[in-house]
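Following is a predicted model, sequence given first.
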Amino acid sequence: MATLQTIRTKAGLLVAIVIGVSLAAFILGDMFQGGSSLFQGNRLEIGEINGESIQYPQFQQEVEKLGDIYRMNSGQNQLDEQTWVQVREQTWQNIVRDQIMGDVYDNLGIEVSSEELFDMLQGTNLHPIIQQLFRNPNTGQVDRGAVVQFLRNLETGVAPEQRQYWLYLENQIVDERVQSKYSNMVGKGLYVTSQEAQQSVEQRNKQVNFDYIMLNHNSVADSQVVVTDKDLRKYYDENQDNYKQEKLRRIEYIAFEVTPSKQDYEHTEKWINGIVSDFASATDNVAFINANSDVDFDDSWYKKEDLPEDIGTWAFETDAEVNSIFGPYFEDDAYKLAKLYASEMMPDSVEARHILLRINTQPEVLAKQALADSLKSAIESGSDFASLASAFSDDQGSAIQGGDLGWFGRGQMVKPFEEAAFSNKVNEITIVQSQFGIHLVQTTDRGKASRQVQIAYLVRNVTPSTQTYQNVYAKASEFAGKNLSKEDFDAAVAEQNLDKKTASVREADRQIAGLENSRSLIRAAYNSEVGEIIQDTQGSTIFDLGDNFIVATLISATEEGIASFESVKARVELAVLKEKKSQYLLEKANAALEGKTDLEEIATELGTTVRNANNINFSAIQIPGVGMEPKVIGTASSLSTEKISTPVAGNNGVFIVKVTSASEEDNQDVESEKLRLAQSLNFRASSQAYNAHREKAEIEDQRTKFY
């Protein structure tokens with residue numbers, strides 16, 4: 001035994017040495033090779049946060065972990081691409097928060113001790129997540145024994161995925177507690193003074209009615225003001241924050257859409273005609289439909305008015321018998337056959353009650369099935385259904401009503417339950433299973449019967465054939481092969497009268513409107529130069545996106561930062577024109593005001609009329625019929641009654657205001673207002689504090705290189 005142990009030990013050491021030498025050789029070889037990634041910069045870097053490199057393998061590992069949690073939460077084995085996008089985004093945000101706030105928490109000494117964690121997991125102050133997981137649904141109380149037993153079995157008695165999920169929850173609980181401590185600390189540093197509260201009460205309670213004169217910017221012609229290049233440059237230099245731009249690419253593209261050809265329609269029509277006799281003779285209509293149709297069998301029951309007019313007339317007003325066929329006919333870009341599958345006199349609604357036996361684990365199935373059989377026998381032998389429902393049903397909502405669900409129509413219950421309820425005779429009991437568990441369904445009454453039918457539709461959609469795809473690809477290939485530059489691209493579009501489309505895309509965008517799976521085109525646009533025909537990673541200029549072959553060119557590229565003066569000159573000119581017009585109107589209004597105390601007289605001199613606004617308080621931001629005018633509202637709220645304001649430059653023009661009346665509510669509870677303001681501050685404390693740290697951080701996001 002000792003010898004065996006020695007061999008194992010030495011063998012393990014030998015393997016470690018071999019691996020170490022091989023790894024060293026690999027690294028040294030990589031260092032001395034031309035073009036080594038170690039000297040070119042790390043090609044696997046997916047981001048950098050405050051100088052800390054985030055590597056793709058590390059990031060992807062965290063993505064996979066969180067993906068497992070998503071799968072467990074949703075009960076799905078696979079996640080679709082959109083969900084993976086969400087998972088990757090959440091993973092990135094988690095890493096950013098951890099990196100930014102980790103140092104903050106360390107510097108402040110904020111942590112969760114082992115004793116505190118124990119208290120939250122199994123002590124006297126259980127975390128809400130633990131309370132939710134281990135709450136007994138029958139008593140509403142937390143089963144502390146179940147918590148302790150689960151933790152004892154955590155290492156060996158639970159499945160690996162359960163252990164992984166538990167560790168994820170533990171991390172969530174710790175993170176939430178640390179964030180809560182930090183938020184409380186920040187919140188304790190915020191204070192609302194009595195003066196602030198008093199001012200807030202007055203502003204909230206005070207409402208004013210006011211008359212006003214408005215001189216609209218549009219009343220001044222552009223020719224009435226002088227705008228120089230110096231004015232434009234000065235405004236641009238002083239307001240550069242207004243001209244921040246994001247990283248953006250603008251592309252133009254031609255879509256060669258793949259649509260069914262005339263031959264595709266003919267082939268589909270020939271196919272549907274060829275299968276009529278087989279469909280007519282089929283004995284298992286459901287299996288035949290599911291094997292041959294582009295649309296699976298639908299077992300819904302229909303009245304005449306619920307069907308298309310021609311199908312309804314055929315099924316209800318002719319001598320059509322079960323298994324007779326209508327068609328072929330063409331509808332919604334498909335050739336179809338309709339077969340009368342069933343015809344019955346059925347009610348529109350039924351009244352029923354049930355007992356639900358919920359199944360939580362696989363071993364419970366046999367026991368719950370046996371219980372259902374026993375309950376059914378007991379009821380059929382005379383036991384009271386309502387009493388048994390109250391005692392045994394896991395549907396607490398209906399159990400207190402003796403299991404009664406009242407009247408319901410088709411489409412309101414899950415399919416197995418619906419079929420049982422509508423197929424039962426009055427007082428008949430059927431046992432069925434659904435995703436909710438095992439049901440004992442008793443139909444207590446049936447509505448008035450009317451004729452209803454089931455239709456088996458055999459549908460063959462007209463879709464492009466392989467040959468059609470090849471033909472369209474050949475057109476796209478010819479266009480791409482002849483037009484290798486932006487100039488050639490534009491000339492060919494004009495010559496062939498093609499429909500050229502434009503799109504602006506951000507680096508992280510997943511989709512271009514109207515184009516399926518267009519992420520590859522977006523990534524390629526960011527690897528292209530302006531004026532080039534866009535190529536994919538394989539050098540192809542044709543992008544296969546759903547039912548379209550795309551040829552695109554990059555027409556402009558902007559980088560994140562302050563837009564150049566030339567690129568925003570038109571916007572700057574509009575802003576300066578507005579300023580100049582405001583100044584012009586302010587001078588005009590001041591001249592009209594001089595020596596006057598009557599608003600109507602001032603309006604007459606200015607060639608306009610007096611308007612009014614009612615029930616406006618300080619917190620409002622809009623004047624009805626005018627728009628967003630916070631400066632004007634602020635002026636009116638602080639103005640004494642019957643006093644005329646000096647001219648105010650607003651968003652839409654220049655205003656002169658006169659308050660005609662003001663009213664205040666009796667509520668002067670300053671202490672309550674102080675509490676409300678403090679709660680509002682505390683509520684915002686956490687997010688705003690984090691945002692402040694994030695804005696200060698240096699974050700480089702390179703995820704678009706990989707996804």
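That came through, no problem. Residues are numbered from 1 along each chain as shown.

Next one: Tyr243 from Thr558, what distance?
Plainly put, Tyr243 is 11 Å away from Thr558 if you go by Cβ to Cβ, to the nearest Å. Using the backbone N, CA and C atoms, a C-beta is placed for each residue, glycine as well.

Oops, could you answer that again for Asp394 instead?
Taking Cβ to Cβ as the criterion, Asp394 is separated from Thr558 by 59 Å.

Now do the same for the residue nearest to Phe385 when sequence neighbours are not counted: helix, strand or coil?
In space, not counting the residues next to it along the chain, Phe385 is nearest to Ile379; the distance is 5.3 Å by Cβ to Cβ, 6 or more residues apart in numbering. In three-state terms, and counting by DSSP: H, G, I helix; E, B strand; the rest coil, Ile379 is helix.

What's the local residue count around Ile379?
The number of residues packed around Ile379, counting by other Cβ atoms under 10 Å, is 19.

for this protein, which spans come out with low pLDDT?
Per-residue confidence of the chain (counting by pLDDT under 70) places the weak regions at 1-42, 137-138, 362, 665-668.

Spatially central residue in it, please.
With distances taken as Cα atoms, centre = their mean, Gln86 lies nearest the centre of the chain, 8.5 Å away.

List the buried residues in the one helix or strand that residue maps to.
Secondary-structure assignment from DSSP states H and E places Gln86 in helix 81-108. Residues of helix 81-108 classed as buried under the neighbour-count rule (16 or more other Cβ atoms under 10 Å) are Val87, Arg88, Thr91, Trp92, Ile95, Val96, Arg97, Gln99, Ile100, Met101, Tyr105.

That one - contacts with which helices or strands?
Helix 81-108 sits against strand 45-49, helix 56-74, helix 160-188, helix 670-696, with contacts defined as 3 or more Cβ pairs under 8 Å, 6 or more residues apart in numbering; DSSP states H and E.

possible to save those as JSON lines with mean neighbour count?
Converted to JSON lines, the helices and strands packed on helix 81-108 look like this (neighbours: other Cβ atoms under 10 Å):
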{"stretch": "strand 45-49", "mean neighbour count": "19"}
{"stretch": "helix 56-74", "mean neighbour count": "15"}
{"stretch": "helix 160-188", "mean neighbour count": "15"}
{"stretch": "helix 670-696", "mean neighbour count": "14"}
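
could the ones you listed go into JSON lines alongside distance to Val610?
Formatted as JSON lines, the entries for the helices and strands packed on helix 81-108 read as follows, by distance: least, Cβ to Cβ, whole Å:
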{"stretch": "strand 45-49", "distance to Val610": "58"}
{"stretch": "helix 56-74", "distance to Val610": "62"}
{"stretch": "helix 160-188", "distance to Val610": "48"}
{"stretch": "helix 670-696", "distance to Val610": "35"}
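
List just the one of those that sits closest to Pro647.
Each of the helices and strands packed on helix 81-108 was checked against Pro647 via Cβ to Cβ, and the shortest separation belongs to helix 670-696, namely 33.2 Å.

The helix or strand just after the closest one pairs with which strands, and in what direction?
Once the chain leaves helix 670-696, the next helix or strand it forms, by DSSP H and E, is strand 699-701. The strands that strand 699-701 pairs with in its sheet are strand 45-49 (antiparallel) (by DSSP bridges).

The partner strand to helix 81-108, inter-axis angle?
Between the axes of strand 45-49 and helix 81-108, defined by axes from the mean of the first three to the mean of the last three Cα atoms, to 10 degrees, the angle is 40 degrees.

Dump strand 45-49 to PDB, restricted to CA.
Output of strand 45-49 as PDB, limited to C-alpha atoms (Å, rounded to 0.1, in the frame of the first residue of the first chain):
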ATOM      1  CA  GLU A  45      -8.600  41.700 -22.900                       C
ATOM      2  CA  ILE A  46     -12.400  42.300 -22.900                       C
ATOM      3  CA  GLY A  47     -12.200  45.500 -20.700                       C
ATOM      4  CA  GLU A  48     -10.300  47.500 -18.200                       C
ATOM      5  CA  ILE A  49     -11.600  49.100 -15.000                       C
END
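
Outline the domain layout of this protein.
With automatic domain parsing as the criterion, the domains of the chain are listed as 1-41, 110-188, 201-243+568-664, 248-259+467-559, 262-346, 349-447.

Any idea how far the second one is from the middle of the chain?
Taking Cα atoms, centre = their mean, to the nearest Å, one finds the center of domain 110-188 at 29 Å from the center of the full chain.

I am assuming Ala613 contacts Ala620, so please confirm or correct that.
No: using Cβ atoms under 8 Å, Ala613 makes no contact with Ala620, being 9.3 Å away.

out of those two, which sits in the more crowded spot?
A side-by-side neighbour count of Ala613 and Ala620, using other Cβ under 10 Å, places Ala613 first with 22 against 18.

For the more buried one, which non-adjacent residue is closest in space?
By the measure of Cβ to Cβ, 6+ apart, the closest residue to Ala613 outside its immediate chain neighbours is Ile623, 5.2 Å from it.

Could you give the number of residues near that neighbour?
By the other Cβ under 10 Å criterion, the neighbourhood of Ile623 contains 22 residues.

hey, what's it bridged with?
Gly627.

Pretty sure Asp267 sits against Ser465.
Heads up, residue 267 is His, not Asp. Yes: counting by Cβ under 8 Å, His267 does reach Ser465; the two are 7.0 Å apart.

Please identify the helix or strand for Ala508.
Using DSSP H and E, Ala508 falls within no helix or strand.

All set now, cheers.
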